[in-house]
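Q: Build me a model:
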Amino acid sequence: IWQRSSGFKDIPEIDKLIPDRPPETSVSLEILIEPRKGETVLIIDDQEGLAKPVENSLYKVTLNRGTHSVKVKKKGFYLLERELKVSKSERIVLTLDKAVRYTRTSELPGTYKTTAVATGENDIFAAPAGKEIIVHMNSEGKKKEEIHYDEVGLRAVGGMVLDGDVIVITDPQRNQIVALPTSGDVFEEEKITIEETDSMEITEPEPEDEVIPGEVVKHKRTRKKTVIAYGGETYGDVPLSRPAGIDGKDGVYYVADAGNARVLMFESSSFRKAIGEGKLFHPVDVAVSGDELYVADIGLGKILRFSTAGEFKEEVELDSQLQPGGVFVSPEGFVFVSDFARNTIVKYTPDMKPLSIAATDIVAPRGIAQIGIGPEAVVYVADAAGLTVLKGGWDNTYMPE
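A: Here you go, the predicted model:
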């Protein structure tokens, strides 16, 4: 009877007849934790044991669609905390970061009382107070060159950041920000008359130079520079006042304008906006990670978080630190804070939960920089003793709380 009435036509699936049928409320997940060796504790929605182990570091769990909290603990690795947005059955891989123990080695020679530091992949820049120079070293600490303040019109250095092959410097005495090339043709020459010569390096004219009869021509060799912000010029409502720490990349820079209790954003040589007015008291350093902006305010004794667009997020009171003199975000996203009064360096998660004390007894630490990632990283701290070196190594005894 069915064959005669249906004409052997396919019967559609019930889901196709009811297109607005709600999706299943629960789905199955596989959660793989890397690295796979070692005892692991997986906590989902504050429940340990909700996910069932299948094999080494592979778990299965059934969850409702939506957002769920996940924590992973493993000896020798930092605590992983994140939210999972669950919408379908799938395998999720969670990768843990090795815990790092830092060992203080020594201060680099010629860097006594360093006020600022910047690093690149293979370069270190340090500004020792009182010498009126910026020391450029390779990653081994061997000096490559010295940049003298009078070559580039500086009087002091409040902060530095290396952006590709350009070093950007804040000057809290002349209230300016300058950018200097660090590779290629870093010098330029200009023709001047002998009456205009000064103590700068002078070279004899080239044979093809046109010399006006009766005029003595010399060449003054000066270092190239670009001025991003001028002393006395208004940015926002007022001129710069004691600019300090600076961070950024690809020509976009954030500067702690300490005397005006704000952070300024520049794009190349163009002022874009002021951030934190009414929230900050005495900002001395900044750090940028993605769309996050961290500000060390030594007056408030706190780290303040903004979006890079300027939106205020939160004010973080530090449990064990009182006067944050520097803030730095590593390539992995960890936040380092130096305490000018307690002489400590503490490492935090991106949301400012403390992980470990990286160093103690660092005399009046300020800026922080790093070369490398993970346990192979080397951290550099600008402090009163010099540029202090902290070498990383895997802390396989670390137990996350």
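
Q: In this structure, what helix or strand scores lowest on average pLDDT?
A: Among the helical and strand segments of the chain, the one scoring lowest on mean pLDDT, DSSP states H and E is strand 201-203, with a mean of 50.

Q: Please identify the buried residues of stretch 103-117?
A: With burial defined by 16 or more other CB atoms under 10 Å, the residues of stretch 103-117 counted as buried are 104, 107, 108, 110, 111, 112, 113, 114, 115, 116, 117. Backbone N, C-alpha and C define where each C-beta goes, glycine included.

Q: Could you look up the SS state of the first one?
A: What it means is residue 104. Three-state assignment for residue 104 (DSSP: H, G, I helix; E, B strand; the rest coil): strand.

Q: Can you check the pLDDT for it?
A: pLDDT recorded at residue 104 is 96.

Q: just checking, it touches residue 388?
A: Yes: between residue 104 and residue 388 there is a contact under CB atoms under 8 Å: 6.5 Å.

Q: which residues are in contact with both of the two?
A: Applying CB atoms under 8 Å, 6 or more residues apart in numbering, one finds that residue 104 and residue 388 are jointly contacted by 359, 362.

Q: ok, the buried residues of stretch 103-117 vs residue 188, which is closest?
A: residue 116 (25.4 Å; CB to CB).

Q: Residue 157 is in contact with that closest one, correct?
A: Yes: using CB under 8 Å, residue 116 is in contact with residue 157, at 5.0 Å.

Q: Assumed residue 375 was part of a helix.
A: Yes: counting by three-state DSSP, residue 375 is found in a helix.

Q: Low-confidence ranges, the stretch 51-200 of the chain, go.
A: 190-200 (pLDDT under 70).

Q: go again using 80 as the cut-off
A: Scanning the stretch 51-200 of the chain for pLDDT under 80 picks out 189-200.

Q: Do you have the strands of it handy? List them.
A: 52-55, 58-64, 66-74, 80-86, 90-95, 100-108, 114-119, 123-128, 133-138, 143-148, 159-163, 166-171, 176-181, 187-193 (DSSP state E, counting those that start in this stretch).

Q: neighbours around residue 155, how many?
A: Residues lying near residue 155 (other CB atoms under 10 Å) number 14.

Q: Number the chain from 727, please
A: Right, with 727 as the first residue, what we last looked at is residue 881.

Q: which outside residues touch the helix or strand hosting residue 1072?
A: Assigned by DSSP states H and E, residue 1072 falls within strand 1070-1074. Residues outside strand 1070-1074 that contact it (CB under 8 Å, 6+ apart) are 826, 828, 1044, 1046-1047, 1060-1065, 1080-1086, 1088, 1091, 1094, 1105, 1107, 1116.

Q: Between its first and last residues, how far does stretch 816-830 reach?
A: Taking CA to CA, to the nearest Å, the first and last residues of stretch 816-830 lie 44 Å apart.

Q: buried ones in that stretch?
A: 820, 822, 823, 824, 825, 826, 827, 828, 830.

Q: Check stretch 1113-1127 too.
A: For stretch 1113-1127, by 16+ other CB under 10 Å, it's 1113, 1114, 1115, 1116, 1117, 1118, 1121, 1124, 1126.

Q: Ok, stretch 1094-1114 next?
A: Of all the residues in stretch 1094-1114, those buried under the rule 16+ other CB under 10 Å are 1094-1098, 1101, 1103-1114.

Q: Stretch 885-894 now?
A: 885, 886, 887, 888, 889, 893, 894.

Q: The last one contacts residue 907, correct?
A: Yep, that's residue 894 we're talking about. No: here residue 894 does not reach residue 907: they are 11.0 Å apart, not a contact under CB under 8 Å.
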